[in-house]
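Visitor: My questions concern the predicted model and sequence given below.
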Amino acid sequence: MNLWQSKFILQGIQEAFVKLNPFTLWRNLVMFIVEIGSIITSIVTIIYIINNQSYSLSLQITLWLWATVLFSNFAEALAEIQGKARAASLRSTRENISATILLDGGKSETVSAALLKRGDVTVINEGEIIPGDGDIIEGTALVDESAITGESAPVIRESGGDRCGVTGGTKLISGKITVKITVNEGESFLDHMIGMVESAKRQKTPNEIALNILLVSLTILFIVVVFTLPAFMRYMGMATGISILMALLVCLMPTTIGALLPAIGIAGMDRLLQHNVVAMSGRAIEASGDVTTVLLDKTGTITLGNRMATEFITAEGTDRNGLMQAALYASIADETPEGRSIVALAKKELKIHGRDIRQPEESRFIPFTPESGMSGIDLKTKKIRKGAYKSIEAYIKKSGGFIPDEIRRTADRIGLEGDTPLVVAENRRAIGLIRLRDVVKLGIALRLAQLRRMGIQSVMITGDNPLTAASIAAEAGVDDFMAQAKPETKLEIIRKYQHQGQLVAMIGDGTNDAPALAQADVAVAMNAGTQAAREAANMIDLDSSPTKLLDIVEIGKEILITRGALTTFSIANDVAKYFAIIPAMFAVKYPHLGILNIMHLASPSSAILSAVIFNALVIPALIPLALRGVKYRVTTVSSLLQKNFFIYGIGGLILPFIGIKLIDLLIALFAMI
Amino acid sequence: MYYYDIIFITSFFILLIISSVLLGKYMAGLYDGKRTFLSPVIRPLELFIYRLCGISETEEMTWKRYARAFVIFNATGIAFLFLLQTAQGFLPLNPQRLPGVRWDTALNAAVSFVTNTNWQSYGGETTMSYLTQMLGLAVQNFLSAGIGMAVVLPLIRGFISRESETVGNIWVDLTRSVLYILLPLSIVVCLVLISLGVVQTLKPSLIAHTLEGAQQVISVGPAASQIAIKQLGSNGGGFFNANSAHPFENPTFLSDLVENFSILLIPFAFVFMFGYMIKKSRQGRALFMVMLILFIMGLGIMLYAEYQPSPALTHAGLAAPVNINMEGKETRFGVLWSALWSQSTTVTSNGSVNSMHDSFMPLSGLVQMFNIGIGEVIFGGVGVGLIGMLFYVILSMFVAGLMIGRTPEYLGKKLGPYEMVMAMISMLLPMIALVIFSAIAISTAAGISSLNNPSSHGLSEILYAYSSAHGNNGSAFAGLNANIVFYNCTLAAGMLIGRFATILPALAVAGSLAKKKIVPDSGATFPTTGVMFIIVVISVIIIMGALTFFPVYSLGPILEHLFLNELKLF
């Protein structure tokens, strides 16, 4: 979405004027004081004009002070417009939707989606738009969530599981579902999000409050410094005007950061939204920048979630091709992910890729049952079975056979390596093994390494035995893992880490994740997750992508960095402004102090005006930076600080000297004063 | 400067740093409640005092109780000292029959000695009786220093403790500071000074007959004992009006070295102690580097300014052969040791002088005022100096923390709005009050009537006086006659603001930090021991000082410096 369209700009300018209203502006104390200063200089200028005194400088100062306030308002308005536009485009999908509500006694009624209440039960048919956020209570469906997530592949949602949540505005592609609406209209997170980008409703985060305290304190200090100055000047035989004092005050006050502070916060929310994450509070976003520990579910987050066949191991005296063929036949009708992975691996190894393999005629597929612990196929000539070592052992022993020691040893070894052995038997003779392995997702190790470089440790949670867990943990590169974890374990682990002073983030989707989500400092619920999980979380990931935490952490950091950088910049700027204004005020009486005019500004008036103009213009110049945020790169903390300190501290020290000098040259060129 | 000067000053600092590291380690053990090598001697006395005062050694206080005790202790001290001075005419040990002290002078002196400022608007030997000097001023020299050392401890404990409500026991902290640190050290220093010729007697002033036949009153008294503690405890109030420039207070080069050493010893040691107490000595060393660099920068400017003659003397052809600025300096100390003392006394809120700060070059005056004006944080007064520095660190870490994308923290404690409010009060309130009081003084008849010098030098004198009061320093640009009601009262107010606005917020922060958890160090924590940290803190200190004082300094010392180059003098 391009913000720099004339439509948005015009709207921003309009709102900049509306925001001049002091009753709303006082929320931003720094700019409120600038507005008071502008009013005072306006009055002074009018008095000058009435008294026929020279008013040119005072008038120009006044105009630039007003411009300073307007630029600040414009920045805030622009950020709001951007956020609202994004939210509105999401919301537009929901308008003109009707919903079929089931009433008591089996009757139904069609109402507008806008009238849905929490607890209503609606029926949605194929091709219809889901009218509101809710949980599926009956049925399975394929849902197109692209309107919200931008992801084109449809997703499966079904009742009863952890994937029962549906979002209003998404489209049902196939199936028929009954949905219980879980939020009242106006409370859904889209509405919540729209509220978040309106600064008036936005709650300030603790960091923002602390920063505001700093800015207001500095402002008070500068008010004292500036308004005691006439006393010292009078003693030294000098006098000065109120407009000039106001100009000095506004230049010294941290107006740059004061003006852009609201915009930075709003733009942060918006950037999060670009990543398809909805935050429930600004506080949660900032906390994510502080996260020190991340809890990750093994299944689905670190691994693909299913065991995959990775190797065939033959027993002595067995032909490798025979083993693979047997495994292939045994799995051909097996629709489980493991079964399919065996087929795929066998086809690859046998180099029969692409050829269609069908279940032979007159064969019978033996599906997996928990009692037998194995599955297989009965062909005309042979019976093939595959299963866990114990099950196959029992199966063979029943007919008086035995399993060679070698197979047992190999099975043990595979288990020790954290994988799962599957024994293949042909006609009650063990002919080899298949190694099933939990496959770590592509790129996950890299992301975890990035987390570590950011100073965040990752903890993997899994219900697996410690051996399997350790193997996966080592492969993915997590810092710690918790094996044989029960759902309650998550809550305990979070408490344990929090007690050590860690800030814990977790991603969850199931109802049994809800207590842990509520306890975690940063809790991201997947949009596809249950309502309970979504309510316990403070962020919702519309993509339901478990690695989204990394983006969230980065955005959280970027918001803080942007604030810190602009604060440093703002304060560092003051040095140059002093060197412009102080000699201008004193050097008329004491030419010796002209030595402080190191920029060689043309005249006292142009020096003061240049400083004020620079101070005003730097705000719109930095709006893009405030909205975009200072980029966070994964690197060591010291080099990050070094870089930002150099750019915004030293840069902030030097830049205004150049800027003020240039403006002064222009003023002299156009003889503005 | 000669090569042996460099050898001398380098060995002075090496010896000082070694001693302060050892002392810092000793203090850390002491405040942690461990046995020290002095325990066999002092422990019985300590326990006796606890029994006598009904203090339970193991009882812990919340920050509010600690703060309340601190306020009551100071208020009582001020009231007692005020009454003692006004009543000294009727009290014994007054061989010179000095009358009661005037109310405003007495109030100023009472506040001054209790707040560890030791600003003296009067001449000590001609105003205060021996009883007042010993029972009032000398006792406060110990107590104000002791309490100043005590109050930094809650703040340090705040960084160490986890989810704790209490911050220590003020009476135990005070008693230990006095008994185990100040008393033994001052006995040693006192004996050394007596051996070097410093006066220590209870006899009245001597009457000498000069060669011209005139009578001269020579003041003597129990000076050495008071000088030892005044230097060790950042007090600085002289027994004699000329302070440590007086030959009876500071007779030789050697006594000067000992006294200058005493000025810096405990403030240095506190920084190292901080590192030992938090069990991260590198953190203490980093803060030490911040302070040392600022110290050397200031000293460097001062030496540069003083090692050249006044342009006026050069112009008159009188600068040769010395070619340095010796005005207001004792010949037995010369430029180097006068400048070192001046830098030491202004950074540590000590305030004793061995030369006249008024007569330093304007640029040196600028350095002195800056040292005091930023709140006495370059080593600073015993204990409280570290508080001021920690507040600057909190501010620095706030900005730095944001710039690395984390909620600001220091030593594992998150810094939130509460800490920010307190840091701002502590840092800015004294600065703001200083500027306001100076502006009032300079625009009222009462304020200007005391000035002996016009124009920018007069401005500097007033600025220096209020800086000295707010920084609890106590030294003066001598041109100002401050013993009038206006100055006595406003300076007393300044001293109170400087003291309480630093310490009370520190106790509040201590309470808040103690309640917090400690975030363990991770790769995402900004290392507060590295070069970057040192650079950031130094920048913050300089920028904060410069932003506050640039306008007034440019009219005061900077303009005076420019005038001087044109041979315009005041």
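Guide: That came through fine.

Visitor: where does B:G146 sit relative to chain A, distance-wise?
Guide: 32 Å (C-beta to the nearest C-beta, to the nearest Å). (Each C-beta comes from the backbone N, C-alpha and C, glycine too.)

Visitor: List the contacts of that residue.
Guide: B:L174, B:T175, B:S177, B:V178, B:L182, B:G233 (C-beta atoms under 8 Å, 6 or more residues apart in numbering or on different chains).

Visitor: A:L550 now?
Guide: So A:L550 contacts A:R447, A:Q450, A:L451 (C-beta under 8 Å, 6+ apart).

Visitor: Look at the first one and say how many residues are nearby.
Guide: The number of residues packed near A:R447 is 17, by other C-beta atoms under 10 Å in any protein chain shown.

Visitor: ditto for the last one
Guide: When neighbours are counted by other C-beta under 10 Å, A:L451 registers 26.

Visitor: Look at A:A99 and give its secondary structure.
Guide: strand (DSSP: H, G, I helix; E, B strand; the rest coil).

Visitor: List the residues that contact it.
Guide: So A:A99 contacts A:T110, A:V111, A:S112, A:A113, A:L116, A:D120, A:T122, A:P131, A:G132 (C-beta under 8 Å, 6+ apart).

Visitor: sorry, back to before: farthest pair within the contacts of B:G146?
Guide: The most widely separated members of the contacts of B:G146 are B:T175 and B:G233, with 15.1 Å between them, by C-beta to C-beta.

Visitor: Skipping its backbone neighbours, what lies nearest the residue in the stretch 451-570 of chain B positioned nearest to chain A in space?
Guide: When distances are taken as C-beta to the nearest C-beta, the stretch 451-570 of chain B reaches nearest to chain A at B:A524, 2.5 Å away. Nearest in space to B:A524, with sequence neighbours left out and distances taken as C-beta to C-beta, 6 or more residues apart in numbering or on different chains, is A:G455 at 2.5 Å.

Visitor: Go ahead and confirm that neighbour touches B:D521.
Guide: No: judged on C-beta atoms under 8 Å, A:G455 makes no contact with B:D521 at a distance of 9.0 Å.

Visitor: what about the two, which has more around it?
Guide: Each of A:G455 and B:D521 has its neighbours counted (other C-beta under 10 Å); A:G455 has more, 19 against 13.

Visitor: how about that one, secondary structure?
Guide: Look at A:G455: counting by three-state DSSP, its state is coil.

Visitor: hmm, back to that, show the buried residues in the contacts of A:A99.
Guide: Taking 16 or more other C-beta atoms under 10 Å in any protein chain shown as the criterion, what is buried in the contacts of A:A99 is A:A113, A:L116, A:D120, A:T122, A:P131, A:G132.

Visitor: who's in contact with the nearest residue to B:I42 once chain neighbours are set aside?
Guide: Spatial nearest neighbour of B:I42, chain neighbours left out: B:L179 (5.2 Å); criterion: C-beta to C-beta, 6+ apart. Residues near B:L179 by C-beta under 8 Å, 6+ apart: B:I42, B:L45, B:E46, B:I49.

Visitor: Residue in the stretch 401-550 of chain A with the shortest distance to chain B?
Guide: A:G455 (2.5 Å).

Visitor: Then A:S174 would be within a strand, right?
Guide: Yes: secondary structure of A:S174 (three-state DSSP): part of a strand.

Visitor: can you pull the pLDDT of it?
Guide: With respect to pLDDT, A:S174 has a value of 79.

Visitor: coming back round to it: for the residue of the stretch 451-570 of chain B closest to chain A, give its distance to A:A210.
Guide: 19 Å (C-beta to C-beta, to the nearest Å).

Visitor: And for B:E125, nearest residue in space, chain neighbours not counted?
Guide: With C-beta to C-beta, 6+ apart, the residue lying closest to B:E125 is B:S219, at 3.8 Å.
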